[in-house]
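Visitor: Need the 3D shape of this:
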Amino acid sequence: MKYDVIVIGGGIAGVTASIYLKRAMKKVLLIESKQIGGEILKADKVENYPALKEVKGYELGLNMSEQLKSLDIEVINELVTSIDGSDNNFIINNKYECKKVIIATGTSSNRLGLLNEDKFIGKGISFCATCDGNFFKGKDVAVIGGGNTALDSAIYLSNIVNKVYLIHRRDEFRGEESKVNIINNKDNIEVLFNTTVKELKGNDFIESIVLNNDQEINVSGVFVCIGHVPNSSIFNGSKDEGKYIITDSNYETSIEGIYAIGDVIVKEVRQLTTAASDGTIAATNILKKL
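Guide: Below you'll find the model as predicted:
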């Protein structure tokens with residue numbers, strides 16, 4: 001069986017593209033290695049998605065899965081390890097044939113590598129301050145990292161929470177000087193250089209962290225900002241230095257017929273709404289070529 005389009009990745013971007021293609025009466029296969037929803041499944045609550053005042057991450061993923069079923073979109077649970085072929089004749093994993101491919105595999109957040117870390121994801125640990133900051137209004141939190149993402153997160157959170165502990169393993173930040181100046185002028189941001197977190201404590205939610213000097217700090221949230229790794233190893237076309245896939249304005253990659261969308265591509269803003277936009281635009285442009 002030859003599909004019109006195979007979408008690799010079942011997050012917001014991939015699901016959106018699949019919906020648009022299916023509604024245009026195209027034969028679509030969606031391949032997801034884990035669960036429909038992607039990284040959003042780890043979020044305790046989502047409050048920045050239009051029309052949904054508040055929804056738990058797993059509920060959003062479940063709704064997405066139900067929508068795919070209602071549209072009779074074929075979904076296969078499988079890890080994609082290879083994409084072969086050329087325009088209008090691609091083979092995925094040496095068995096699924098299609099005319100066009102959409103890569104929507106997202107990124108994986110770098111972890112701290114601590115005991116109980118997975119237990120606290122969505123229950124104190126977050127990888128996105130703009131997504132989850134409001135859940136910690138008036139509380140004390142820690143931001144871990146020293147690049148622009150960590151600095152931006154600390155600044156953003158300082159306007160919401162009671163206090164921010166900005167923890168960096170080195171003796172100076174890697175982020176922009178202008179951001180560092182803002183940090184230095186914030187009364188409720190305490191910078192801890194040459195410091196790492198060695199232990200997470202709490203029952204159902206994080207209650208405190210233990211630093212490498214054995215100091216224990218009470219915090220309700222820990223924002224991990226030590227980078228992401230794009231899940232782009234299956235793609236052999238053009239990527240930037242960080243291995244993010246490079247696309248044109250239509251989301252087509254350097255390999256004709258292969259498109260990429262969502263967090264796996266080079267872009268400035270990585271949010272649910274921009275992922276949905278990517279999926280819409282890529283699907284619309286593919287439809288013009290099918």
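Visitor: Gly57 reaches Glu47, doesn't it?
Guide: No: using C-beta atoms under 8 Å, Gly57 is not in contact with Glu47; the gap is 11.1 Å. For glycine as for every other residue, the C-beta is placed from the backbone atoms N, C-alpha and C.
Visitor: Neighbour count for those two, which is higher?
Guide: For Gly57 versus Glu47, neighbours defined as other C-beta atoms under 10 Å are more numerous around Gly57 (19 against 13).
Visitor: bridging residues for the closest residue to Tyr165 other than its chain neighbours?
Guide: Nearest residue to Tyr165, sequence neighbours excluded (C-beta to C-beta, 6 or more residues apart in numbering): Ala142, at 4.4 Å. Ala142 forms beta bridges with Tyr165, Val222, as assigned by DSSP bridges.
Visitor: count of neighbours near Ala142?
Guide: When neighbours are counted by other C-beta under 10 Å, Ala142 registers 26.
Visitor: For Leu166, the count of nearby residues, please.
Guide: Residues near Leu166, counting by other C-beta under 10 Å, number 28.
Visitor: correction: Arg174
Guide: Arg174 has 13 neighbouring residues, counting by other C-beta under 10 Å.
Visitor: Also Asn218?
Guide: By other C-beta under 10 Å, 11 other residues sit near Asn218.
Visitor: thought it was touching Val210?
Guide: No: the criterion here is C-beta under 8 Å, and Asn218 misses it with Val210 at 11.0 Å.
Visitor: for the stretch 101-250 of the chain, what spans make up the strands?
Guide: 107-109, 125-126, 140-144, 163-167, 189-192, 197-202, 206-211, 216-218, 221-224, 228-230 (DSSP state E, counting those that start in this stretch).
Visitor: Which stretch among the ones you listed approaches Ile183 most closely?
Guide: Ile183 lies closest, by C-beta to C-beta, to one member of the strands of the stretch 101-250 of the chain: strand 189-192, at 5.6 Å.
Visitor: picking that back up, JSON lines please, covering the strands of the stretch 101-250 of the chain and showing mean pLDDT and distance to Leu41.
Guide: Shown next, in JSON lines, are the strands of the stretch 101-250 of the chain (pLDDT from 0 to 100; distance: least, C-beta to C-beta, whole Å):
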{"stretch": "strand 107-109", "mean pLDDT": "87", "distance to Leu41": "13"}
{"stretch": "strand 125-126", "mean pLDDT": "94", "distance to Leu41": "14"}
{"stretch": "strand 140-144", "mean pLDDT": "98", "distance to Leu41": "22"}
{"stretch": "strand 163-167", "mean pLDDT": "98", "distance to Leu41": "27"}
{"stretch": "strand 189-192", "mean pLDDT": "98", "distance to Leu41": "31"}
{"stretch": "strand 197-202", "mean pLDDT": "97", "distance to Leu41": "20"}
{"stretch": "strand 206-211", "mean pLDDT": "97", "distance to Leu41": "19"}
{"stretch": "strand 216-218", "mean pLDDT": "98", "distance to Leu41": "28"}
{"stretch": "strand 221-224", "mean pLDDT": "97", "distance to Leu41": "17"}
{"stretch": "strand 228-230", "mean pLDDT": "90", "distance to Leu41": "16"}
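Visitor: Need those in TSV (columns: distance to Asp4).
Guide: Putting the strands of the stretch 101-250 of the chain into TSV (distance: least, C-beta to C-beta, whole Å) gives the following:
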stretch	distance to Asp4
strand 107-109	27
strand 125-126	38
strand 140-144	44
strand 163-167	49
strand 189-192	51
strand 197-202	46
strand 206-211	46
strand 216-218	54
strand 221-224	39
strand 228-230	26
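Visitor: closest to Ser277 out of those?
Guide: strand 107-109 (17.2 Å).
Visitor: For that closest one, name the packing helices and strands.
Guide: Here strand 107-109 touches strand 228-230, going by 3 or more C-beta pairs under 8 Å, 6 or more residues apart in numbering; DSSP states H and E.
Visitor: Which is the succeeding secondary structure element to the strand it packs on?
Guide: Going down the chain from strand 228-230, the next helix or strand is strand 258-260, by DSSP states H and E.
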